[in-house]
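*Asks:* Quick one, fold the following:
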Amino acid sequence: MVLINWMRDQMPAHTGVTRTGLSLLQAGLRMFNVSSILVGKCQPPGIEADQAAMDLITQLEVNVLSIWRDRRFTDGLASAQASVLFFGGGWLEEEIFISALQAAERGYDVRLLSDVTTARADADRSFVLDRLALHGILATTVRQMLLEWAVCLGDPVLLEKVQELLC
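*Replies:* Numbering: from 1, shown residues only. Here you go, the predicted model:
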């Protein structure tokens, strides 16, 4: 999970959708024990500072447009043996767009969490999603991602927990 410039989501025009998605995302990442990399202007609203959550988070204060040249970022992905990357944050048509394209270029299976991704200009959102889709980068939601993970793992207890979370 790569979360970019979460401080931008504190802007009043963007908080409603992203806070709901962020709450689900936070719970889901803990449930599945998935690590996250926060890049740029970090400390997302709603992330509670308990030790279990913090152990799964790596924060990098680096220029987002240069993350693929940052050894901490690339080494972190390599050590986690990541093959699928989920991106969220802001700005969709800028940092998210470039970072996701660069990930796809490097062979990662890339997904965009649309409900926790903020566009600077909402009118550009559909154009960016279309361009990303041309490169195999598909948009999904946190809800869809969590349910898909639970079904793919085939664990009935975990599936029930996810279904309860999504209610």
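
*Asks:* So Cys152 versus Arg131, what's the distance?
*Replies:* Distance, Cys152 to Arg131, using CB to CB, to the nearest Å: 28 Å. All C-beta atoms are positioned from the backbone trio N, CA, C, and that covers glycine.

*Asks:* What of Ile57?
*Replies:* When Ile57 is compared with Arg131 (using CB to CB), they lie 29 Å apart.

*Asks:* now the helix or strand hosting Arg30: mean pLDDT?
*Replies:* Under the criterion of DSSP states H and E, Arg30 resides in helix 15-32. Here helix 15-32 scores 80 as its mean pLDDT.

*Asks:* That one - contacts with which helices or strands?
*Replies:* With contacts defined as 3 or more CB pairs under 8 Å, 6 or more residues apart in numbering; DSSP states H and E, helix 15-32 has these neighbours: helix 51-55, strand 109-118, helix 142-153, helix 156-166.

*Asks:* gap between the next helix or strand after that helix and the chain center?
*Replies:* Next along the chain after helix 15-32, taking DSSP H and E as the criterion, comes strand 36-39. Strand 36-39 sits 8 Å away from the centroid of its parent chain (CA atoms, centre = their mean, to the nearest Å).

*Asks:* who touches strand 36-39?
*Replies:* Strand 36-39 is contacted by residues 1-6, 29, 44, 56-60, 62, 64, 67, 73, 76-77, 89, 99 when judged by CB atoms under 8 Å, 6 or more residues apart in numbering.

*Asks:* Poorly predicted segments of this protein, please.
*Replies:* 7-18, 42-54 (pLDDT under 70).

*Asks:* That's all I had, so thanks and see you.
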